[in-house]
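S.K.: Could you work out the structure for the sequence below:
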Amino acid sequence: FAPYYGNMMERMAEFVSLFPVHPDYIDTFERITLIEKREILKTIARDVQVLTCTSLPESYPGLLTYESYWKTLRENASFRTIPEVREVIECSQVLADRIQHAFTRPAYKPIAIRIIHALSVHRLSTYDIDAPVGMTAQELRDSLCLYQEDIDELGGNPADDLLSFIKTILREILKTVNRQFISINAENGQYYIDFKKNYDFDGLIEKRAESLESYQLDRYYYVALKQVMEVSDQPSGRHQSFTWAYELEWRSHKVTRQGYLVFGAPDKTTTALSLTDDGFLIYFLPPFCSVSSDQLPVIGSKKEIFLRLTKTDSVFNRIIRLYSAASDLISSASGQAKVVYESKTRIYLREVLQWLQTQKATALEVTYQGKTRVLSDWLMEVKEDDFRVTNN
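M.R.: Numbering: from 1, shown residues only. You can find the predicted model right below:
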């Protein structure tokens with residue numbers, strides 16, 4: 001495994017004499033002044049005793065590295081009485097939880113967790129836990145002997161290929177935790193735990209989601225809906241009625257029909273629209289705001305069809321709130337916070353659209369000529385000669 005690491009070959013005698021303990025394990029803990037050295041030696045002795053009962057691995061280096069001490073540090077209640085240690089533990093737990101539940105590359109999650117634990121231990125080895133001092137990607141690779149079996153398939157220099165892989169993992173970690181509690185020193189490329197970056201973006205989104213009013217949920221529901229219907233304007237304002245010219249193909253007659261899509265309930269604007277003899281109005285009623293009785297569909301009208309999302313579930317209600325909250329926070333954010341909210345908005349939007357696409361047949365209710373049906377039932381009753389249903 002020596003070709004995968006920057007200085008293992010030069011330090012081979014040191015690696016052999018301390019095997020299976022990585023030499024940097026000792027060096028790191030010599031710099032930790034908050035914990036007694038005999039406690040560290042006891043931990044190393046215990047871990048080595050465990051390793052003596054296992055076979056030497058052939059598919060990875062298998063060295064005992066310093067991040068393994070984090071479990072002992074975290075689980076020892078006496079260490080939590082030390083303010084600096086307690087602060088690092090709490091911060092590290094937030095980061096590890098985010099990686100555990102939101103890391104987008106599950107196969108590499110164990111490596112990401114090891115990196116978080118290593119940065120946590122290293123934070124306690126610095127002269128000041130607020131100092132912008134950390135570990136570079138190369139130092140993490142070498143001091144932890146990070147390894148991935150398929151890395152040799154890249155065919156390049158083993159150490160360089162592995163370093164590129166570690167950098168990719170680090171970028172994914174930053175993305176997953178929204179750069180919370182982790183910073184990069186631009187001058188030397190060191191990653192370090194940063195207590196000042198304590199923005200819990202997910203918590204802020206959750207909090208904002210709880211306070212949203214119905215008209216705001218309707219607004220962002222329409223923003224999502226316009227992605228499906230391929231209209232370009234973005235709804236805004238409290239009282240919403242947004243209209244777009246729309247063309248439907250009547251395939252059996254080889255013609256098209258011109259009409260309008262309306263996001264909202266009928267009002268003076270929509271009722272004043274000029275329709276041709278074969279024109280139509282397709283209303284998407286607001287799913288969250290109530291519609292007054294004088295806005296209800298006109299019984300018998302052949303030119304108007306009303307669709308309303310009525311059969312939602314807890315999954316949809318949650319993701320539409322999170323999507324709305326993240327979208328709403330973009331307008332008041334700046335810098336990195338704005339970038340994070342925009343990224344979150346795109347993720348939630350994909351989830352909303354996926355739900356709509358898979359659940360629309362049973363979630364949408366259709367009213368036409370005074371009769372209301374679930375969309376799936378209504379489609380079975382419609383004759384092809386009367387109406388040609390497109391994918392939209």
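
S.K.: Need the distance between the two termini of stretch 17-28.
M.R.: 18 Å (CA to CA, to the nearest Å).

S.K.: quick one: buried residues of it?
M.R.: Buried residues in stretch 17-28, counted by 16 or more other CB atoms under 10 Å: 18, 20-25, 28. For glycine as for every other residue, the C-beta is placed from the backbone atoms N, C-alpha and C.

S.K.: So which of these are in strands?
M.R.: Using DSSP state E, no member of those sits in strands.

S.K.: Tell me which two of those residues sit farthest apart.
M.R.: For these, the maximum inter-member distance is 16.2 Å, found between Pro20 and Thr28 (CB to CB).

S.K.: Mind listing what's buried along whichever helix or strand Leu353 is part of?
M.R.: Assigned by DSSP states H and E, Leu353 belongs to helix 335-363. Within helix 335-363, the residues scored as buried using 16+ other CB under 10 Å are 337, 340-341, 344-345, 348-349, 351-353, 355-356, 359, 363.

S.K.: what ranges of the protein fall below the confidence cut-off?
M.R.: Residue ranges of the chain with pLDDT under 70: 154, 198, 200, 230-241, 268-272, 292-300, 381-392.

S.K.: And what about the residue of it most remote from its centre, helix, strand or coil?
M.R.: Going by CA atoms, centre = their mean, the residue of the chain most distant from its centre is Asp277, 48.6 Å out. Following DSSP: H, G, I helix; E, B strand; the rest coil, Asp277 is assigned to coil.

S.K.: Report the separation between it and Tyr69.
M.R.: Computed as CB to CB, to the nearest Å, the Asp277 to Tyr69 distance reads 80 Å.

S.K.: on that earlier part again, could you name the helices and strands sitting against whichever helix or strand comes after the helix holding Leu353?
M.R.: Counting by DSSP H and E, the next helix or strand C-terminal to helix 335-363 is strand 364-368. Counting contacts by 3 or more CB pairs under 8 Å, 6 or more residues apart in numbering; DSSP states H and E, strand 364-368 is packed against strand 304-309, strand 371-374, helix 375-381.

S.K.: what's the offset of the shortest one from the middle of its chain?
M.R.: Per CA atoms, centre = their mean, to the nearest Å, the displacement of strand 371-374 from the mean C-alpha position of its chain is 37 Å.

S.K.: Pull up the pairing partners for it, direction included.
M.R.: Paired neighbours of strand 371-374 in the sheet (DSSP bridges): strand 364-368 (antiparallel).

S.K.: got the angle between the strand it pairs with and strand 304-309?
M.R.: Interaxial angle of strand 364-368 relative to strand 304-309 (axes from the mean of the first three to the mean of the last three CA atoms, to 10 degrees): 160 degrees.

S.K.: Need the contact partners of strand 364-368.
M.R.: Residues outside strand 364-368 that contact it (CB atoms under 8 Å, 6 or more residues apart in numbering): 297, 304-311, 372-375, 378.

S.K.: can you list the helices and strands packed on strand 364-368 in JSON lines and add distance to Ala118 and mean neighbour count?
M.R.: As requested, these are exported to JSON lines (distance: least, CB to CB, whole Å; neighbours: other CB atoms under 10 Å):
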{"stretch": "strand 304-309", "distance to Ala118": "48", "mean neighbour count": "20"}
{"stretch": "strand 371-374", "distance to Ala118": "55", "mean neighbour count": "14"}
{"stretch": "helix 375-381", "distance to Ala118": "53", "mean neighbour count": "14"}
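
S.K.: For these, could you give me a markdown table that also reports distance to Trp244?
M.R.: Listed next are those as a markdown table, based on distance: least, CB to CB, whole Å:
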| stretch | distance to Trp244 |
| --- | --- |
| strand 304-309 | 15 |
| strand 371-374 | 24 |
| helix 375-381 | 21 |
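
S.K.: Relative to Gly156, which of these is closest?
M.R.: strand 304-309 (52.0 Å).

S.K.: Partner strands of that closest one, with direction?
M.R.: Here, using DSSP bridges, strand 304-309 pairs with strand 281-285 (parallel), strand 364-368 (antiparallel).

S.K.: I'd assumed Ala245 was in a strand, is it?
M.R.: Yes - membership of Ala245 in a strand is supported by three-state DSSP.
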